[in-house]
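K.L.:
The following block contains a protein sequence and its predicted model.
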Amino acid sequence: MDFSTFFLDNYNVSEGMGVAVYGPEHLTWLAAMVVGMVLISLYYRSLREPQRDRFKKGMAWFILGLEIVRQVIYLVMGRYRVEYLPFHLCGITEFTIFIYAYTKNKTARESLYALGIIGALMALAFADWLHLPLFNFQSIQSFLIHGALIAFILMLLVAGEIKPEVKRLPKVFMVHLVIFIATFFFNKAFDTNFFFSNYPSPGSPLVLFEEIAGNPGYNLLTFGLLLVIWVILYLPWMIFNREKKNYKYNYKEVRNPKY
């Protein structure tokens, strides 16, 4: 096995060493992660409450551990850059998962459904690390950690632990808006691109938004897209909850008529 490309990074990898977008390697990774997500979700649903609590914490440590390994490798190699800080949306989700696993905070839980799963799915769909060789620590870590983020959120959904509530969205939005504004100015100061607010990720829909609204105007279109996604994510739950309430009301009327 060739280890010569394992520790290459964005700044010393040669062109043509990566994998094709939705090529065999990319698709194999995605397929393997889908299988893993399904198995993890079904396993978590089968557990009892104390076991679920331990499993959540184990998953949270696994995710955080993957991030720590990445940070340590860059430090040991002497190639650490400010841009490697975990300040992207998926990095924030890593810490949100850890907070929820240990506190069961409702805002953290809502954030996972409202933003965490979106960020991880977008990262896998428009992976910006595919220019790296397949057998490379950053490439492997990126696939694993984004897959683990989705698996964690999905297992909570399958087990009924996440029941999305629209009323919590304003708080989730405000918390992440503050983070976005802070990283926006951080990006300007340190020439980084957290939350992709400095420039769009190549190959993502944000490129089209920049063509339409310019820079930084494309960020406003991104917020607009987020609102559309939230409608798609929350509308089915709103309809389901309304139908459930109507059913309960009608059931009570049948059992206990007022006349």
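P.N.:
Perfect, I can see it now. Residues are numbered from 1 along each chain as shown.
K.L.:
Show me the helices in the stretch 151-259 of the chain, by range?
P.N.:
Ranges of helices in the stretch 151-259 of the chain, per DSSP state H, counting those that start in this stretch, are 169-190, 205-213, 218-255.
K.L.:
Would you mind listing where the chain has pLDDT under the threshold?
P.N.:
Across the chain, the stretches falling below the confidence threshold (pLDDT under 70) are 1-2, 243-259.
K.L.:
got the contact list for the residue positioned nearest the centre of it?
P.N.:
Centrality entry for the chain: nearest residue to the mean C-alpha point is Ala120, 3.0 Å, by C-alpha atoms, centre = their mean. By C-beta atoms under 8 Å, 6 or more residues apart in numbering, the residues touching Ala120 are 90, 93, 146-147, 149-150, 153. C-beta coordinates here come from the backbone N, C-alpha and C atoms, glycine included.
K.L.:
Excluding chain neighbours, what is closest to Met122?
P.N.:
With sequence-adjacent residues excluded and distances taken as C-beta to C-beta, 6 or more residues apart in numbering, Met122 is closest to Ser204, at 7.0 Å.
K.L.:
and if you look at Leu8?
P.N.:
Leaving aside its sequence neighbours, Leu8 sits nearest to Asn136 (C-beta to C-beta, 6+ apart; 5.9 Å).
K.L.:
Got the phi and psi for the one you found?
P.N.:
In this entry, Asn136 is assigned phi and psi values of phi -140, psi 140 (degrees, to the nearest 10).
K.L.:
contacting residues around the residue lying closest to Leu112 once chain neighbours are set aside?
P.N.:
Take Leu112 and drop its neighbours on the chain: the residue closest to it by C-beta to C-beta, 6+ apart is Ile153, 4.8 Å away. When contacts are counted by C-beta under 8 Å, 6+ apart, Ile153 is found next to 112-113, 116-117, 120, 162.
K.L.:
From these, which land in helices?
P.N.:
With helices identified by DSSP state H, the entries of the contacts of Ile153 that belong to them are 117, 120.
K.L.:
Taking the contacts of Ile153 together, which two end up most distant?
P.N.:
Within the contacts of Ile153, Ala120 and Ile162 form the most distant pair, 14.6 Å apart (C-beta to C-beta).
K.L.:
quick one on the thing from earlier: and the helices of the stretch 151-259 of the chain: which comes nearest Tyr11?
P.N.:
Proximity of the helices of the stretch 151-259 of the chain to Tyr11 was assessed by C-beta to C-beta; the nearest stretch is helix 169-190, lying at 16.1 Å.
K.L.:
backbone phi and psi for the residue lying closest to Asn215 once chain neighbours are set aside, please?
P.N.:
The shortest distance from Asn215 to any residue other than its chain neighbours is 6.6 Å, reached at Tyr199 (C-beta to C-beta, 6+ apart). Listed backbone geometry of Tyr199 is phi -160, psi 150, with angles given as degrees, to the nearest 10.
K.L.:
same deal with Val13?
P.N.:
Note on Val13: its backbone torsions stand at phi -90, psi 140 [degrees, to the nearest 10].
K.L.:
which stretch among the helices of the stretch 151-259 of the chain comes nearest Met17?
P.N.:
Across the helices of the stretch 151-259 of the chain, closest to Met17 is helix 205-213 (C-beta to C-beta), at 23.2 Å.
K.L.:
shouldn't Ile118 be in contact with Val228?
P.N.:
No - contact status for Ile118 versus Val228: not in contact, 11.2 Å apart, counting by C-beta atoms under 8 Å.
K.L.:
Return the residues in contact with the residue nearest to Leu8.
P.N.:
Neighbouring residues of Asn136 by C-beta under 8 Å, 6+ apart: 5-8, 13.
K.L.:
Then Ala213?
P.N.:
Ala213 touches 220-221, counting by C-beta under 8 Å, 6+ apart.
K.L.:
from memory Ala101 sits against Ala60, does it?
P.N.:
Yes - using C-beta under 8 Å, Ala101 makes contact with Ala60 at a distance of 3.8 Å.
K.L.:
Alright, I will stop here.
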